[in-house]
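Enquirer: only geometry, no sequence info:
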């Protein structure tokens, strides 16, 4: 039996995917990602009606927990997904990249 987490790609390693849990769950996961793996960048990703949660998570992390964290990049776009009825539809996505690394001058 293979472990689901062991199949994560390198790209998804420092990524928090926003879902239906409470916002503080994702805030703590983001802080843990910075602290636990000693990484200097974490991506927060969400789509559709959960985009507001990704923005809230990034702002709470920067405002209350890791005040040295800065926005590195924000990407927006559209994904084509298949809904429960088998119909294709477009869904908005957002990727927010936070970093604790000081910008180069």
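Expert: Great, that's in hand. Quick caveat: nothing in here was measured; it's all calculated off a predicted structure.

Enquirer: the helix ranked longest in the chain: how far from the chain's middle?
Expert: The longest helix of the chain (DSSP state H) is helix 23-36. Its chain's average C-alpha position is 10 Å from that of helix 23-36, according to CA atoms, centre = their mean, to the nearest Å.

Enquirer: residue 51 sits in which helix or strand?
Expert: Following DSSP states H and E, one finds residue 51 within helix 51-60.

Enquirer: show me the contact partners of the helix or strand just after that helix.
Expert: Scanning forward in sequence from helix 51-60 by DSSP H and E, the next helix or strand is strand 70-82. By CB atoms under 8 Å, 6 or more residues apart in numbering, the surrounding residues in contact with strand 70-82 are 41, 47, 58, 62, 88-100, 103. Quick note: C-beta positions are derived from backbone N, CA and C, even for glycine.

Enquirer: switch to 6 Å and redo it
Expert: 88, 90-97, 99 (CB atoms under 6 Å, 6 or more residues apart in numbering).

Enquirer: could you do stretch 54-65 as well?
Expert: So stretch 54-65 is contacted by 18, 23, 26-27, 30-31, 44, 46, 69, 94, 96 (CB under 6 Å, 6+ apart).
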